[in-house]
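Q: A predicted structure for the sequence below; I have some questions about it.
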Amino acid sequence: MKNVTVGEFIAESQNNFPGSTGELSKILSSIKLASKIVSHQINKAGLAKEILGSSGRENVQGEDQQKLDVFANDSFINALSARGVICGVASEENDSFVEFNSTVNNDAKYVVLIDPLDGSSNIDVNVSVGSIFSVYKRITDKGSNVDIKDFLQPGNRQVASGYIIYGSSTMLVYTTGKGVNGFTFDPSIGVFFLSHPDMKTPNDGTIYSVNEGNLNYFKKPVADYIKYCQSSNKDQMKTAYSSRYIGSLVADFHRNLIKGGIYLYPSTGTNPNGKLRLTYECAPLAFLIEQAGGRAISENQRIMDIVPTELHQRVPFFVGSKNMIDHLEENLESESRSI
């Protein structure tokens, strides 16, 4: 059987989009290129001490930027701007969106939102990290300057989303609304090959991923669901659940996508909106999980239906296997009815 490269797969997939002129393919190729550069730097992080640790700066959320955060951010923005196929990019690491002002870029019809290096604080201890991306068609007129409203669109308007996980191998996983496919990087020849075609997540899983140290600070329906998962190991009438929490969103999501499970990042008293960003993390992964047969919700609605009001908006986030999300949602709705 022929090994299919990501480039070949993207080219062949254009047949699913009548009238396609190749811009989306070029965007995905730019992301692929940047991911190779970032992967190379991550893989030598233990040897090249100058790329480890804090950059001495904070991002707009007040979080300490790692040197590799800055490197990854620059790598993705430079790769995306070079092709002339997007009019702007918004990044978790920047205060506002970046506008590409050339005539070619102003004529482009897409914008990209990225989390250049999710979980970067884990690099120092050699834990898997990732990059997340999302692609939208612009709302503003072709030929005009890009505007904030181009980036504040609900997830159900995404034309593509995906992530790159940098772990024991580097993988690119993405969707364009026609299912989910995964590609594994072969560093010996510098090529991504199709390794996980038509990915589907199980309807049920046995893994729950949450920071249980915050259990006492979660709302009652979420805490009750986690206690249900914990008690399964003591009750022979229930499926036994296992707690698996890496603390790197892409890594936790990737494992649960393949094996089945649920990831929870709820609100707390100190973080009433949770900590994950709607536009850079939640919406892209929601698009992916739905295309794979799973679900993603906030505390009272589908993630894909939330209309962002600001670039760095945070929301509570629950994502994973359909039946597990259904069960959690029943808890949330029951609590809502009792108020």
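A: Right, received. Where do you want to start? Numbers count the residues shown, from 1 in each chain.
Q: got the domain boundaries for this structure?
A: 6-196, 207-338 (automatic domain parsing).
Q: I'd like the distance from the shortest one to the chain centre, please.
A: Averaging C-alpha positions (C-alpha atoms, centre = their mean, to the nearest Å) puts domain 207-338 14 Å from its chain's average.
Q: next: stretch 101-110.
A: 25 Å.
Q: which residues touch residue 221?
A: In this structure, residue 221 makes contact with 328, 331-332, 334-335, judged by C-beta atoms under 8 Å, 6 or more residues apart in numbering. For every residue, glycine as well, the C-beta is placed using N, CA and C.
Q: thinking again about what came up before, any idea which of the domains of the chain has the lowest pLDDT on average?
A: Lowest mean pLDDT within the domains of the chain: domain 6-196, a mean of 86.
Q: does residue 140 lie in a helix or a strand, and which?
A: For residue 140, there is no helix or strand it lies in under DSSP states H and E.
Q: okay, it and residue 319: tell me how far apart.
A: 30 Å (C-beta to C-beta, to the nearest Å).
Q: of those two, which one has the most company?
A: When neighbours are counted by other C-beta atoms under 10 Å, residue 140 and residue 319 differ, and residue 319 comes out ahead with 31 against 17.
Q: quick one: the more buried one is in a strand?
A: Yes: the assignment for residue 319, made by DSSP: H, G, I helix; E, B strand; the rest coil, places it in a strand.
Q: can you tell me how far residue 125 is from residue 119?
A: Distance of residue 125 to residue 119, given as C-beta to C-beta: 11 Å.
Q: those two: which is more packed in?
A: Neighbour tally, residue 125 and residue 119, criterion other C-beta under 10 Å: the higher count belongs to residue 119, 21 against 6.
Q: which one is the more buried one nearest to, not counting chain neighbours?
A: Nearest residue to residue 119 in three dimensions, chain neighbours excluded: residue 248, at 3.2 Å (C-beta to C-beta, 6 or more residues apart in numbering).
Q: and the residue lying closest to residue 121 once chain neighbours are set aside, bridged to which residues?
A: Once flanking residues are discounted, residue 121 sits nearest to residue 66: 6.5 Å by C-beta to C-beta, 6+ apart. Counting by DSSP bridges, residue 66 forms beta bridges with residue 54.
Q: neighbours around residue 66, how many?
A: Residues near residue 66, counting by other C-beta under 10 Å, number 22.
Q: over to residue 143?
A: Neighbour count of residue 143, defined by other C-beta under 10 Å: 10.
Q: can you tell me how far it is from residue 106?
A: On the measure of C-beta to C-beta, residue 143 and residue 106 end up 5 Å apart.
Q: same check on residue 225?
A: Look at residue 225 and residue 106: by C-beta to C-beta, they are 48 Å apart.
Q: repeat that for residue 300.
A: From residue 300 over to residue 106 (counting by C-beta to C-beta), the distance is 39 Å.
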